[in-house]
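Q: need a structure here:
(chains A, B and C)
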Amino acid sequence: MPDLLDPVAPDAVRETVVAWFDVHARDLPWRAPDRTPWGVLVSEVMLQQTPVVRVEPAWRAWLARWPEPADLAAASPADVLRAWDRLGYPRRALRLQDCARALVERHGGQVPDDEEALLALPGIGSYTAAAVRAFAFGRRSVVLDTNVRRVLARVAEGVALPAPALTVGERRLAEEYVPADDAGAARWAAASMELGALVCTARAPRCGACPVADACAWRRAGS
DNA sequence: CTCCTGGGTT
DNA sequence: AACCCAGGAG
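A: Numbering: from 1, shown residues only, chains lettered A, B, ... in the order given. This next block holds a predicted model:
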């Protein structure tokens, strides 16, 4: 039985958040069993600054049209831009195509599961590289987006919001929370992100619906 | 580190 | 109409 009163027990927090995720996870197409690494990569790039509701239809159309990196690599930039439609930040669409070309040239049209190789791709930074590894390949990685940062800041550090820039200590804390095994790490990544997106939101957090409210250092400090 | 992006929020 | 955001790039 996990001790939920200990705010710095990563094991207990992890298990509780993952159990919550098992019940409350949104069923998004890029999480479906038939997902592909390319589909996951595309979803992460689209999601970088566009809400889920708008990404979903665009993602379906995109993957139907360009199911493999090679398909996108061969498309005309005008078509790519048109298909990107209202997702915003059109340069990201062009970068995604650059990424597809790089996948064809360097990786035989496949998405690599190696962190270094992923990071070297256009438009893929530390967040997306880690996310693709975890969500596409089920591999262990430290996925640290603003959602996870905020959850950790509150639950573990007792502050409302994380520092403006990622600190060394923050990365180490995040590392402590990631289980040693691949599957566990991937589940924690998805679960902690989902908690940040649905419950532990930046403004108006829904602490009443939070599975780890009792263990949350921020809440215990008087929220 | 700072800058950049355009949609979302206030 | 400012200001914020979130991730990548330089």
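
Q: Closest approach to DNA strand B from chain A, which residue is it?
A: Here the residue of chain A nearest DNA strand B is A:Gly88; by C-beta to the nearest atom of the strand that distance is 3.1 Å. In short, each C-beta sits where N, CA and C put it, glycine included.

Q: Identify the residues contacting the residue in chain A that DNA strand C sits nearest to.
A: As assessed by C-beta to the nearest atom of the strand, DNA strand C sits closest to A:Gly125 within chain A, at 2.5 Å. Shown in contact with A:Gly125 (C-beta atoms under 8 Å, 6 or more residues apart in numbering): A:Leu119.

Q: Backbone torsions only: list them for it.
A: Here is the backbone geometry of A:Gly125 (degrees, to the nearest 10): phi -110, psi -160.

Q: Now for A:His107, how many residues are close by?
A: Applying other C-beta atoms under 10 Å, we find 15 residues neighbouring A:His107.

Q: What lies in contact with stretch A:34-49?
A: A:28-30, A:55, A:58-59, A:62-63, A:67-69, A:87-89, A:92, A:95-96, A:99, A:103, A:110-111, A:113, A:123-124, A:127-128, A:131-132, A:135-137.

Q: What of stretch A:176-195?
A: Residues from elsewhere that reach stretch A:176-195 (C-beta under 8 Å, 6+ apart): A:10, A:13-14, A:17-18, A:20-21, A:24-26, A:31, A:130-131, A:134-135, A:138-143, A:145, A:147-148, A:151-152, A:156, A:210-212.

Q: near DNA strand B, from these?
A: Residues of the contacts of stretch A:176-195 in contact with DNA strand B (C-beta under 7 Å from any atom of the strand): none.

Q: I'd like to know which of those are buried.
A: A:10, A:13-14, A:17-18, A:20-21, A:130-131, A:134-135, A:139-143, A:145, A:147-148, A:151-152, A:156, A:210-212 (16 or more other C-beta atoms under 10 Å).

Q: Looking at the residue positioned nearest the centre of chain A now. What's its pLDDT?
A: Central residue of chain A (C-alpha atoms, centre = their mean): A:Ala131, 4.9 Å from the mean position. pLDDT, A:Ala131: 96.

Q: right, and it touches A:Val143 too?
A: Yes: using C-beta atoms under 8 Å, A:Ala131 makes contact with A:Val143 at a distance of 5.4 Å.

Q: So which bits of chain A are right by DNA strand B?
A: Residues of chain A lying near DNA strand B (C-beta under 7 Å from any atom of the strand): A:Gln49, A:Pro51, A:Arg54, A:Arg86, A:Gly88, A:Tyr89, A:Pro90, A:Arg91, A:Ala165, A:Arg203.

Q: Which pair of those spans the longest distance?
A: Within the residues of chain A next to DNA strand B, two members stand farthest from each other by C-beta to C-beta: A:Arg86 and A:Ala165, at 30.5 Å.

Q: ok, which residues in chain A are in contact with DNA strand C?
A: A:48-49, A:95, A:122-129, A:145-147, A:202.
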